[in-house]
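**Student:** structure for the following, please:
(chains A and B)
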Number of protein chains: 2
Amino acid sequence: MHSHVRIDPKLDLTFERVVDVPKELIWKVWTQPEHLMPWFCPLPWRTIACEIDLQPGGLFRTVMRSPEGQEFPNVGCFLETIENERLTWTNALLPAFRPVTHKAGESVDFLFTATIQLATHGTGTRYTATVRHGDEAGCRQHAEMGFHEGWGVALNQLVAYARTL
Amino acid sequence: MHSHVRIDPKLDLTFERVVDVPKELIWKVWTQPEHLMPWFCPLPWRTIACEIDLQPGGLFRTVMRSPEGQEFPNVGCFLETIENERLTWTNALLPAFRPVTHKAGESVDFLFTATIQLATHGTGTRYTATVRHGDEAGCRQHAEMGFHEGWGVALNQLVAYARTL
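**Tutor:** Okay, here's the model as predicted:
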């Protein structure tokens, strides 16, 4: 493990669980739009669009739709795309690593970098998500939005979907 | 060349020159602190400190000192470290890819991502620098600070220093 993956409890949120799905299948449903859209958003929210250019500097774009029909686009940039092992992206950069400039009124109101780390565990996978924020306020806001519940529900949906493949 | 390296003339600054130094030597003086400090800053400014953790997510830190003795620290994060070929870093992220939160009064007032691309050209190297900004104001500000002259002088210093090795 690299020295740079240390956790700062005031700035970072983490989520870890062992699931009975092989890591290659988790990688597939995280990196192919048609396999990400079915599980990515806790229902009754839906992911209605997804673009993935799977390389450092490549686009990661999703659009979520609320039950009331409002749409929330998310645009980010991949930083690490190590097959079956680690996926890292951030909303602080646009594709080609361009720094983002957020305008008032946009739906994104804190910056984060997220990593999904996969490690074989028995017949399944130890699934670890780490989300780093720029300041404590952003970290708190993300926690209060329901980070742990949201990622837990999405992972339940991922596992259920992966079993249908 | 990846699709994501396109240039946006309103947001990006570029600098290109062929120099008579092999790319392996340019890589060395860009990635080893003791070999970066002698040339990095246009004289009479000096680079008085440098830390390099050469991996994606690793620290890139320099401290420049003005002729009057004022110190200007710069902290960024490497994004691409492809040996003898391409070096990319940004001041929009801290080490471990953490989004930066700039406070009022800091010396950094625009965000950028910089890439040095090296390609063999005869006995020398085609040296291409590309700096991407988040908005047109940041790009203009960087241009008016003397981007082209500054990078040109630094490259002259790099070539002169590399020839002493």
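**Student:** could you report the pLDDT at residue A:107?
**Tutor:** Looking at residue A:107, its pLDDT stands at 49.
**Student:** again, but for residue A:66
**Tutor:** Looking at residue A:66, the pLDDT reads 95.
**Student:** tally of neighbours for it?
**Tutor:** 12 (other CB atoms under 10 Å in any protein chain shown). From N, CA and C alone the C-beta is placed, and that goes for glycine too.
**Student:** got the residues of chain A near chain B?
**Tutor:** By the rule CB under 8 Å from any CB of the partner chain, the part of chain A lying against chain B is A:2-6, A:11, A:53, A:55-59, A:79-80, A:88, A:90, A:92-93, A:95-101, A:111-113, A:115, A:132-135, A:138.
**Student:** which of the residues you listed count as buried?
**Tutor:** A:4-5, A:11, A:53, A:56-59, A:79-80, A:88, A:90, A:92-93, A:95-101, A:111-113, A:115, A:132-135, A:138 (16 or more other CB atoms under 10 Å in any protein chain shown).
**Student:** out of the residues you listed, which sit inside strands?
**Tutor:** Judged by DSSP state E, strands contain the following of these: A:59, A:79-80, A:88, A:90, A:93, A:98-99, A:112-113, A:115, A:132-133.
**Student:** make JSON lines from the residues you listed and add pLDDT to it.
**Tutor:** JSON lines is the format used below for these (pLDDT from 0 to 100):
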{"residue": "A:59", "pLDDT": "97"}
{"residue": "A:79", "pLDDT": "98"}
{"residue": "A:80", "pLDDT": "98"}
{"residue": "A:88", "pLDDT": "98"}
{"residue": "A:90", "pLDDT": "97"}
{"residue": "A:93", "pLDDT": "97"}
{"residue": "A:98", "pLDDT": "96"}
{"residue": "A:99", "pLDDT": "95"}
{"residue": "A:112", "pLDDT": "95"}
{"residue": "A:113", "pLDDT": "97"}
{"residue": "A:115", "pLDDT": "97"}
{"residue": "A:132", "pLDDT": "96"}
{"residue": "A:133", "pLDDT": "95"}
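**Student:** who touches residue A:89 in this structure?
**Tutor:** Going by CB atoms under 8 Å, 6 or more residues apart in numbering or on different chains, residue A:89 touches A:60, A:76, A:77, A:78, A:79, A:113, A:114.
**Student:** check for me that the third one belongs to a helix.
**Tutor:** Right, residue A:77. No. Secondary structure of residue A:77 (DSSP: H, G, I helix; E, B strand; the rest coil): strand, not part of a helix.
**Student:** just give me the neighbour total for it.
**Tutor:** Neighbour count for residue A:77, taken as other CB under 10 Å: 28.
**Student:** quick check: beta-bridge partners of it?
**Tutor:** Assessed by DSSP bridges, residue A:77 has beta-bridge partners residue A:59, residue A:90.
**Student:** pretty sure it sits against residue A:55.
**Tutor:** No. Between residue A:77 and residue A:55 there is no contact under CB atoms under 8 Å: 10.2 Å.
**Student:** looking at chain A, which helix or strand is least sure?
**Tutor:** For chain A, the helix or strand with the lowest mean confidence is helix A:136-144, at a mean of 92 (criterion: mean pLDDT, DSSP states H and E).
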